[in-house]
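Undergrad: sharing a model that was predicted from the sequence below.
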Amino acid sequence: MMTTKPKTAIVNCEQIVTICSNHQQFLAGKKQDIIESIERRNQIGVSIVFADDGRIMAIDYHDRIDNWLCQNYGDNCWQTIDTIDGNGCSLIPGLIDSHSHPIWAGDRIDEFDRKLRGETYMQIHESGGGINYTVRETKRATESELLQSFLQRINQMISCGTTILECKTGYGLDYECERKMLRVIQQASTMSPIQLVPTFLGAHSIPSGMTADQGVEHVCTMMEQLSRKEPELKIEFFDVFCETGVYNHKQTEQILRRAKELYPKSYLTFHGDELSDQDSGRLAAKISAHSISHLEYLNTDGIEVMANRNIAAIINPTTCYLLKLRKPPVREMIANGVPIVIATDYNPNALCYSLPMAMNLATIHLGMTLNESLIATTLNAAYALNRSNDYGSLEIGKLGNCLLLNCSDWRHLIAEFGHTSSLIRNVIINGKRIQ
């Protein structure tokens, strides 16, 4: 006897892009350019059914879905199912943003102008701007103010197709403000329809007046205080900005090893090789990091290590484009079998809510294919956040996060980059229509 019942169905789609069919954790190399889908055939559309627990019950041609439902739940079963007409539409897995900095106060639009006039990221940083400016403004903001602006940003991201969002701290750099940011994430998790993944980035920058070594001690003390005083504050990932002028290879290792000691169930990641070669691949292997972000200066040995260890490469095309950085060696990483992920890196320095826009930049600017970019924002992004058992593809048994698109071919979502939200008819979270 079936214990779950059909709750929602999307029927008669032109195509349903499942991504894969064998519950793969990620796809890499040539496989990252191969997506699985079911297309309308002989005028018969494709349908999907979600159970009342949010999981996918069936995906097939509509006539087969209809027969299966009537046989198992009776001829009148459709009367109790929330039915969404997918005629003329494509259905894809919900997009997953695996790298963002969405909690902050202040406005750094002047820095955009300064960069266009020739100043570099590090020059602005060293003059008191950049992260340090945002830290000052975020410290001044109340928890309520940060929460309200964060919820507004989440809604903008949902309208662009984001269904799971990784959220970093890092604009506090002291215990009180970093705790405030974690509290904001936790509160927003109870108020937002999408899943939020908290990442502690207390090592985003060296606090003013400290050396890097003092910063390491300071960050470790913050983590110790959080684990002791605030055990209810959820932290899934720990992150460090590993870069010349911030925390070096050795200091990054110290911080992340201490994080793992204090939070043994957490995962490690770090910003690496963004502005210079920090030998991030070797460091990631040494500390068993799950992913590395940016990677513009990733070296050949690092590519090999990441491929051998299945370390996810989180590429941020918006940041690379806006800061006019060297392009990360994406094609070399793909050729060697590194799982590629695309994220927005949403932050005060890269104000992009839209994963489809990041996907467009990845294809045009970094040479990825459309298929590679979709896998990089679905299955591989789920893998980067340790969620590919339940998310990232449309397979029976997985939770039903998906986007119903106002187009018969999903590729329009990337090609028509100027109006993402108008291409998304419905956002489905755990089998429920939220937009």
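TA: Perfect, I can see it now.
Undergrad: going by C-alpha atoms from here, please, whenever you check contacts or count neighbours.
TA: Noted.
Undergrad: tell me the mean pLDDT over whichever strand or helix holds Val305?
TA: Using DSSP states H and E, Val305 falls within helix 300-309. In this model, helix 300-309 has a mean pLDDT of 98.
Undergrad: could you say what helices and strands that helix packs with?
TA: Applying 3 or more C-alpha pairs under 8 Å, 6 or more residues apart in numbering; DSSP states H and E, one finds that helix 300-309 makes contact with helix 280-287, helix 330-336.
Undergrad: rerun at 6 Å
TA: With contacts taken as 3 or more C-alpha pairs under 6 Å, 6 or more residues apart in numbering; DSSP states H and E, helix 300-309 sits against helix 280-287.
Undergrad: centre of the chain versus the helix it packs on, how much separation?
TA: Computed by C-alpha atoms, centre = their mean, to the nearest Å, the chain-centroid distance of helix 280-287 equals 21 Å.
Undergrad: ok, then the element right after it?
TA: Downstream of helix 280-287 (by DSSP H and E), the next one is strand 291-294.
Undergrad: distance check, the residue lying farthest from the centre of the chain against Asn67.
TA: Residue farthest from the centre of the chain, counting by C-alpha atoms, centre = their mean, is Asp75 at 41.2 Å. According to C-alpha to C-alpha, to the nearest Å, Asp75 and Asn67 sit 9 Å apart.
Undergrad: mind saving the C-alpha coords of the lowest-mean-pLDDT helix or strand in the chain as CSV?
TA: When the helices and strands of the chain are scored by mean pLDDT, DSSP states H and E, helix 121-126 comes last with a mean of 83. This file holds the C-alpha atoms of helix 121-126, laid out as CSV (Å, rounded to 0.1, in the frame of the first residue of the first chain):
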residue,chain,number,x,y,z
TYR,A,121,40.4,45.6,-6.3
MET,A,122,43.3,45.4,-3.9
GLN,A,123,44.1,49.2,-4.3
ILE,A,124,40.5,50.0,-3.2
HIS,A,125,40.8,47.4,-0.4
GLU,A,126,44.0,48.8,0.9
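Undergrad: returning to that earlier point: buried ones in the helix or strand just after the helix holding Val305?
TA: Where DSSP H and E defines the elements, the next helix or strand beyond helix 300-309 is strand 312-315. Neighbour-count burial for strand 312-315 flags Ala312, Ala313, Ile314, Ile315 (criterion: 16 or more other C-alpha atoms under 10 Å).
Undergrad: quick one: the helices in the stretch 301-435 of the chain, in order.
TA: 317-322, 330-336, 355-364, 370-376, 379-384, 412-415, 420-423 (DSSP state H, counting those that start in this stretch).
Undergrad: which of the ones you listed sits closest to Cys20?
TA: Closest approach to Cys20 among these (C-alpha to C-alpha): helix 379-384, 8.7 Å.
Undergrad: turn the helices of the stretch 301-435 of the chain into CSV, columns for mean pLDDT and distance to Leu295.
TA: Listed next are those as CSV, based on pLDDT from 0 to 100; distance: least, C-alpha to C-alpha, whole Å:
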stretch, mean pLDDT, distance to Leu295
helix 317-322, 93, 10
helix 330-336, 98, 9
helix 355-364, 97, 14
helix 370-376, 98, 15
helix 379-384, 98, 15
helix 412-415, 96, 23
helix 420-423, 88, 27
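Undergrad: buried deepest among the ones you listed, which one?
TA: Greatest average neighbour count among the helices of the stretch 301-435 of the chain goes to helix 379-384 (a mean of 30), per mean count of other C-alpha atoms under 10 Å.
Undergrad: now do that helix: everything it contacts.
TA: Here helix 379-384 makes contact (C-alpha atoms under 6 Å, 6 or more residues apart in numbering) with Phe26, Ile96, Ser98, Ala312, Val341, Ser388, Gly392, Ser393.
Undergrad: can you tell me which residues contact the fifth one?
TA: Taking C-alpha under 6 Å, 6+ apart as the contact definition, Val341 lies against Ala313, Ile314, Ile315, Ala376, Asn380, Ala381.
Undergrad: dump those to TSV, plus distance to Phe50.
TA: Shown next, in TSV, are these (distance: C-alpha to C-alpha, whole Å):
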residue	distance to Phe50
Ala313	32
Ile314	30
Ile315	32
Ala376	24
Asn380	23
Ala381	22
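Undergrad: determine which two of the residues you listed are furthest apart.
TA: So, these by C-alpha to C-alpha: farthest apart are Ile315 and Asn380, at 11.5 Å.
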